[in-house]
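In: Structure here, sequence nowhere to be found:
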């Protein structure tokens, strides 16, 4: 499928980018690696008049460590580079696991962390060809008033399927945005709106420039598990990210975040509360797994049934906690 016609810009600085944005007055989309955006354009899900690439802006692909800012990952850092960087950093093993499981090696060589975080929500009734769109009535996400997944629904149920965001949220990551008016730093989880049609609280004139996490802590461990039909290429039908900190055998910190099950990553806050100050026993693992199961209510709008995805989320929560318990 061919791309629609568009004007392409590749500025070399953020100031130039903002100048172009002001000139085109909201008619442009930002492209990082392009692996997700260009596919949507091929399907004619979006037909922007202008595409502005971040690829030539110096410094946005840098991964750096400092005592003051911790680990800072530039928004255009490639997933391959991120996987290589974090593979040997044991506390942040989940970053390696999530980056390495995205798509295929060829796609990871192009895909960026910013693009993976800010990818659009997906639905098997929305992410279809132009021919499909001409046959069926437009859904909520395409400007219609129909949901093909849930009959008579007045809202959209498209699913967020990013791999990197749940891991970074579990690690209390901070998203750094830049605009003509200065920088804005907010917890990454607050970027997500929960609205399938407009998944992010990001203004048109703000650009994600980096994601920051605290320096590695030897007492911290992190794990990511992903359920998909094929071992490669596929988006997560369910994903589980865990970060856990211990004081001897007692849990001092636990954060659990799920993906592929709702319009945004889901933090299982109730599980975090009951784990505080406890030992990671079999009973606690079962209890947290059950809480995770009850916290998600997917619908049948992806390649696997909602029932199966919900079960797999529960099972993977059990598995990551068991793995963490063996390491204590």
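Out: Perfect, thanks for sending it. No experiment lies behind these values; they were computed from the predicted model shown. Numbering: from 1, shown residues only.
In: Can you get me a residue count around residue 18?
Out: By other Cβ atoms under 10 Å, 19 other residues sit near residue 18. The way it works is simple: take the backbone N, C-alpha and C, and place the C-beta from them, glycine included.
In: Do I have it right that it meets residue 205?
Out: Yes: counting by Cβ atoms under 8 Å, residue 18 does reach residue 205; the two are 6.7 Å apart.
In: Show me the helices in the stretch 151-300 of the chain, by range?
Out: Secondary structure of the stretch 151-300 of the chain (DSSP state H, counting those that start in this stretch): helices located at 164-170, 269-275, 282-295.
In: hmm, I was thinking of the stretch 1-150 of the chain
Out: Taking DSSP H, counting those that start in this stretch as the test, the helices found in the stretch 1-150 of the chain are 14-24, 37-42, 79-86, 93-100, 105-108, 113-117, 130-135.
In: Tell me which of those sits nearest to residue 223.
Out: Closest to residue 223 of these is helix 93-100 (Cβ to Cβ; 5.4 Å).
In: which helices and strands does the closest one pack with?
Out: With contacts taken as 3 or more Cβ pairs under 8 Å, 6 or more residues apart in numbering; DSSP states H and E, helix 93-100 sits against helix 79-86, helix 164-170, strand 220-227, strand 238-247.
In: what's the angle from the first one to helix 93-100?
Out: Following axes from the mean of the first three to the mean of the last three Cα atoms, to 10 degrees, one obtains 160 degrees for the angle between helix 79-86 and helix 93-100.
In: about what we covered before: need the residues touching each of residue 18 and residue 205.
Out: Shared contacts of residue 18 and residue 205, defined by Cβ atoms under 8 Å, 6 or more residues apart in numbering, comprise 179-180.
In: Now distance to residue 197 and mean pLDDT too, for the helices of the stretch 1-150 of the chain, in a markdown table please.
Out: Rendered in a markdown table, the data for the helices of the stretch 1-150 of the chain read as follows (distance: least, Cβ to Cβ, whole Å; pLDDT from 0 to 100):
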| stretch | distance to residue 197 | mean pLDDT |
| --- | --- | --- |
| helix 14-24 | 22 | 95 |
| helix 37-42 | 14 | 96 |
| helix 79-86 | 26 | 98 |
| helix 93-100 | 26 | 98 |
| helix 105-108 | 26 | 96 |
| helix 113-117 | 18 | 98 |
| helix 130-135 | 16 | 86 |
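In: now those helices as CSV including distance to residue 256?
Out: As requested, the helices of the stretch 1-150 of the chain are arranged in CSV below (distance: least, Cβ to Cβ, whole Å):
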stretch, distance to residue 256
helix 14-24, 35
helix 37-42, 30
helix 79-86, 20
helix 93-100, 12
helix 105-108, 25
helix 113-117, 19
helix 130-135, 36
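In: for the ones you listed, which one sits closest to residue 272?
Out: helix 93-100 (15.9 Å).
In: just how off-centre is that closest one within its chain?
Out: Here helix 93-100 shows a centroid-to-chain-centroid distance of 12 Å under the convention Cα atoms, centre = their mean, to the nearest Å.
In: quick one: buried residues of the lowest-mean-pLDDT helix or strand in the chain?
Out: Least confident helix or strand, the chain: helix 130-135 with a mean of 86, by mean pLDDT, DSSP states H and E. Across helix 130-135, burial judged by 16 or more other Cβ atoms under 10 Å covers residue 133.
In: ok, residue 319 - contacts?
Out: Going by Cβ under 8 Å, 6+ apart, residue 319 touches 225, 240.
In: What distance do you get for it to residue 283?
Out: Going from residue 319 to residue 283 by Cβ to Cβ, to the nearest Å gives 16 Å.
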